[in-house]
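A.B. asks: Have a look at this prediction, sequence included:
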Amino acid sequence: IRDRNKFDLILIDGKHTDEGLYNDLTSFFPYGKENCLIICDDLQMKDVKKSYDKFIKEVKVKEHLIWDFLSTKTQKRIQGLILR
């Protein structure tokens, strides 16, 4: 991948399947520049969170964080933040 095809920010609205987010992260991770921020949506869903955790265990990332910024009293929306 040539550097001009790499990004500083990647947003993944993960598939709600068993391996969906994992497959998306594996596919898009190489397109992130060093220090790229990758945002993953819908970690409140069990399968999406499972995919996120699997990716974090298998791939070396600088940092990661589970962020529930968009959660309200009636709806829980959790994002995963990954620093490449």
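C.D. replies: Looks like it arrived, so ask away.

A.B. asks: Specify the next element, helix or strand, located C-terminal of the longest strand along the chain.
C.D. replies: As assigned by DSSP state E, the longest strand anywhere in the chain is strand 32-40. Downstream of strand 32-40, the first helix or strand assigned by DSSP states H and E is helix 46-58.

A.B. asks: pLDDT (mean, whole number) over that next one?
C.D. replies: Average pLDDT, helix 46-58: 95.

A.B. asks: Strand 32-40 and that helix, what's the angle between them?
C.D. replies: Inter-element angle recorded for helix 46-58 and strand 32-40: 150 degrees (by axes from the mean of the first three to the mean of the last three Cα atoms, to 10 degrees).

A.B. asks: And the contacts of the next helix or strand after helix 46-58?
C.D. replies: Sequence order places strand 63-67 as the next helix or strand after helix 46-58, per DSSP H and E. Strand 63-67 is contacted from outside by 43, 56, 78-83, using Cβ atoms under 8 Å, 6 or more residues apart in numbering. Just so you know, the C-beta spots here come from the backbone N, C-alpha and C atoms, and that holds for glycine as well.

A.B. asks: check contacts around Leu11.
C.D. replies: Leu11 touches 38-39, 41, counting by Cβ under 8 Å, 6+ apart.

A.B. asks: can you rerun that using 10 Å?
C.D. replies: 28, 37-41, 79 (Cβ atoms under 10 Å, 6 or more residues apart in numbering).

A.B. asks: what helix or strand does it sit in?
C.D. replies: Assigned by DSSP H and E, Leu11 falls in strand 7-12.
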